[in-house]
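Participant: Build me a model:
(2 chains, ligands or ions: 2)
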Amino acid sequence: MVNLTLARALTDGLRAAMERDPKVLVMGEDVGKLGGVFRVTDGLQKDFGEQRVLDTPLSESGIIGTAVGLAIRGFRPVCEIQFDGFVFPGFDQIVSQLAKMRFRSQGKVPMPVVVRIPFGGGIGAVEHHSESPESLFAHVAGLKVVACSNPSDAFWMIQQAIACDDPVLFFEPKRRYWEKGEVDPDATPPPLFSSKVLRAGTSVTIACYGPLVRTCLDAATAAQADGLDLEVIDLRTLSPLDLGPVFESVRCTGRLVVVSEAPSEASVTAEVAARVQQECFYSLEAPVLRVTGFDTPYPPSKCEDDYLPDLDRVLDGVDRALAW
Amino acid sequence: MSQPQAWVPVDPRSRPSREQVLAGLRGTDAGGPELVQLLTPEGQRVSDPRFDGFVDDVDATALKSLYRDMVLVRRFDREANALQRQGQLGIWVPLLGQEAAQIGAGRAMRLGDMAFPSYREHGIAWCRGIDPTELLGIFRGTDHGSWDPLTTGFNLYTIVIGNQCLNAAGYAMGQRFEGKVGDSESAEATICFFGDGATSQGDVHEGFVWAAAYDAPVVFYCQNNQWAISVPLERQTRVPLYERARGYGFPGIRVDGNDVLACLAVSRWALEECRTGNGPVLVEAYTYRMDAHTTSDDPTRYRLADELELWKLKDPIERVRVNLVREHHVGGEFFDEVTAEGDELAARLREFCLAMPEPAPDRIFSEVYAEPSPLLEAQREEFLAHHTSFQTEEA
Ligand SMILES: Cc1ncc(C[n+]2csc(CCOP(=O)(O)OP(=O)(O)O)c2C)c(N)n1
Ligand SMILES: [Mg+2]
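Facilitator: Ligands and ions are numbered 1, 2, ... in the order given. Sure, this is the predicted structure:
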């Protein structure tokens, strides 16, 4: 058992994957010598060389597009997009090539490419550095989308994503990079595309992912003082969704609050709500409620505490579900 | 039929090898023989018959004014950097070392011209009459740019690398469509700022293609400061950047980006080419990022201090000071005055920063759409109710 920051757990996971398979490459802006702006790839270029850890030219379309080519050639590229808001120059390659290659070739050309994206706000950054674009990718057939929330999951999920033969958009909660947690390198991890009940409870179910998992767990602790027993589920995988544990929980609690930093309209949280009302209609005591970022562009950082769902807004959602 | 010209690789002696640079052993510092220069690093005025005519109005008074611009811009840049260190700004993007490249280009612009900056163009903002205090909101996190792009002729900062090159091409197409290109006094041009790293982005290449296809009056002004965060120029290009223009069918030129006189002359020439219908033009201002990429960056991880020492010898401000003293006999009093003015500006910037109000709580919802959105209105009301409930609880 080791105690690692989330960033360091990712480094160790990447390192393990690179040691296991010489076809695994890391590529992105500033990932080599600098070790990435968040230092997630720190030391990898030194140890694996410049041909396995590529400081690329400044072009996201180039990063994704060449990763597609490298994958056709049998490599397993792990691309780093420096910040969430900079994935869009690469969006075309992700949607048009990466997502569709297997389908178009009818399985002859698999696309084992991972696209790592630090996402979410809360770090006081300038524009384009705090966005939550995961729903845009969850909407695209052919892509898998996951989000880790803690060091242990980070360590295992990155390795599982690299081992996956489908393209995986791998979202990392950047404001949690420096939070520490236990990682057991000898454990057997749960499957990548599975959600996880982190806290069992009977009053209200909360489904969340990424940076807000910590927030929701804190909300559950706070609610306990008021005699409420919240169940907290970390979705972990956003596409495909693994809603079995959510259905089971809702059948017991009758109430669900879905939480994300991303805006609500046409989103992952909307998908969860739709499926839960379909599967659990007769168990629901209240409509599925959502606590999300507002449907606006990400605001200047002095406004982000108001924009981002916090403990109070989560508990407010819980109260509304109970008061229904 | 003419024979295709044999391809001549770049003279390997004129610059360090790719391998050396990528290994961080030696930075690129020689601009090569193609560099347009009017003031040497030692402060000597040298002649360039192609460009002398574009600065023949620059007498001692005008040169003093360019000097003042550079000193003041550097002074407020340093103050903002310090404000970040003291926790008053979330981040600062220093322009240290690029004062000449920006003041030269900024002072070449006319009132009707339009600039499309990236995020380091504080010197261009200065020349467009934007007070340095107006830049602070972006970095303190109170706004995304507080000035009016339309009345100042200075678009909002663009952080997504390369985006603005297409926007600039489009704006310039508009200038052309409205008949603003010609030789009259009312002719207009656009100038677009981006870095060496940005030249790898598709948007920049597409901007070149579109501007060429529509003869758009746009100067693509690349400040090659040798680095894109930790990535050296050699990772982005095999040929000098200005040479790329030829492939798109318009002229490209490399100017000493630490020479304010040369930057002024070349920018005036390039803007005039555009105004008279010979655009677009690519200008590569060959310079150096003397500070970190931003206050979040640690350049000791990827480049050697020696490189900075080399470039300090080419400081853009020092050479003008020397020239003013030696060739125009400007006395110490002038320099003292400018220093004092800089200190006053810095103090005013600091005072303003410390007193900046927080944005109104519902700033989040303002001006997302021209027409009110029912969804947002509902969210706004819910938010304000929630917000007020906390205000009253705290009171
Ligand atoms: C599309 C996009 N990708 C990545 C980034 C992160 N980033 C910010 S500045 C920068 C380097 C830019 O280098 P250059 O174009 O040379 O400009 P300079 O900062 O040196 O002025 C990078 C990679 C970004 N802002 N936008
Ligand atoms: Mg640069």
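
Participant: alpha carbons only for contacts and neighbour counts from here, please
Facilitator: OK.

Participant: how about the closest residue to ligand 1 within the stretch 1-150 of chain B, what does it touch?
Facilitator: Residue of the stretch 1-150 of chain B nearest ligand 1, by C-alpha to the nearest ligand atom: residue B:120 (6.2 Å). Residues counted as contacts of residue B:120 (C-alpha atoms under 8 Å, 6 or more residues apart in numbering or on different chains) are B:93-95.

Participant: tell me the strands in the chain, going along the chain?
Facilitator: With no chain named, the answer covers chain A. Secondary structure of chain A (DSSP state E): strands at A:2-5, A:24-28, A:53-55, A:76-80, A:114-119, A:144-147, A:168-173, A:180-183, A:196-199, A:204-208, A:230-234, A:237-239, A:256-263, A:289-293.

Participant: Actually, chain B is the one I wanted.
Facilitator: Under DSSP E, chain B gives strands at B:114-116, B:190-195, B:218-224, B:227-228, B:231-232, B:252-256, B:281-286.

Participant: Quick check: the residue of the stretch 1-150 of chain A nearest ligand 1.
Facilitator: Counting by C-alpha to the nearest ligand atom, the stretch 1-150 of chain A gets nearest to ligand 1 through residue A:86 (4.4 Å).

Participant: Please apply the same query to the stretch 251-395 of chain B.
Facilitator: residue B:293 (6.0 Å).

Participant: Count the neighbours of that residue for me.
Facilitator: 19 (other C-alpha atoms under 10 Å in any protein chain shown).

Participant: State the distance from it to residue B:120.
Facilitator: Relative to residue B:120, residue B:293 is positioned 10 Å away (C-alpha to C-alpha, to the nearest Å).

Participant: Spell out which residues are contacts of both of these two.
Facilitator: With C-alpha under 8 Å, 6+ apart, residue B:293 and residue B:120 have common neighbours B:93-94.

Participant: Residues of chain A that sit close to ligand 1?
Facilitator: With the criterion set to C-alpha under 6 Å from any ligand atom, chain A comes near ligand 1 through A:29, A:58, A:82, A:86.

Participant: hey, what's the residue nearest to residue A:138 when sequence neighbours are not counted bridged with?
Facilitator: Nearest residue to residue A:138 in three dimensions, chain neighbours excluded: residue A:239, at 5.4 Å (C-alpha to C-alpha, 6 or more residues apart in numbering or on different chains). Counting by DSSP bridges, residue A:239 is bridged to residue A:145.

Participant: who's in contact with residue B:44?
Facilitator: B:319, B:323.

Participant: The same query, at a cut-off of 7 Å, please.
Facilitator: residue B:323 (C-alpha atoms under 7 Å, 6 or more residues apart in numbering or on different chains).

Participant: quick one, phi psi at it?
Facilitator: Backbone torsions for residue B:44, taken as degrees, to the nearest 10, come to phi -100, psi 130.

Participant: and the gap between it and residue B:57?
Facilitator: Where residue B:57 is concerned, residue B:44 sits at a distance of 18 Å (C-alpha to C-alpha).

Participant: Same question for residue B:49.
Facilitator: 15 Å.

Participant: Of the two, give the one with the bigger neighbour count.
Facilitator: residue B:57 (11 against 8).

Participant: Can you tell me how far the more buried one is from chain A?
Facilitator: 40 Å (C-alpha to the nearest C-alpha, to the nearest Å).

Participant: before we move on, the earlier item: okay if I get the strands of chain A as JSON lines plus distance to residue A:65, mean pLDDT and mean neighbour count?
Facilitator: Listed next are the strands of chain A as JSON lines, based on distance: least, C-alpha to C-alpha, whole Å; pLDDT from 0 to 100; neighbours: other C-alpha atoms under 10 Å in any protein chain shown:
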{"stretch": "strand A:2-5", "distance to residue A:65": "31", "mean pLDDT": "98", "mean neighbour count": "17"}
{"stretch": "strand A:24-28", "distance to residue A:65": "12", "mean pLDDT": "98", "mean neighbour count": "26"}
{"stretch": "strand A:53-55", "distance to residue A:65": "14", "mean pLDDT": "98", "mean neighbour count": "24"}
{"stretch": "strand A:76-80", "distance to residue A:65": "10", "mean pLDDT": "98", "mean neighbour count": "27"}
{"stretch": "strand A:114-119", "distance to residue A:65": "12", "mean pLDDT": "99", "mean neighbour count": "25"}
{"stretch": "strand A:144-147", "distance to residue A:65": "18", "mean pLDDT": "99", "mean neighbour count": "26"}
{"stretch": "strand A:168-173", "distance to residue A:65": "15", "mean pLDDT": "99", "mean neighbour count": "26"}
{"stretch": "strand A:180-183", "distance to residue A:65": "34", "mean pLDDT": "98", "mean neighbour count": "18"}
{"stretch": "strand A:196-199", "distance to residue A:65": "33", "mean pLDDT": "98", "mean neighbour count": "16"}
{"stretch": "strand A:204-208", "distance to residue A:65": "32", "mean pLDDT": "98", "mean neighbour count": "28"}
{"stretch": "strand A:230-234", "distance to residue A:65": "32", "mean pLDDT": "98", "mean neighbour count": "25"}
{"stretch": "strand A:237-239", "distance to residue A:65": "22", "mean pLDDT": "98", "mean neighbour count": "25"}
{"stretch": "strand A:256-263", "distance to residue A:65": "26", "mean pLDDT": "98", "mean neighbour count": "26"}
{"stretch": "strand A:289-293", "distance to residue A:65": "31", "mean pLDDT": "98", "mean neighbour count": "22"}
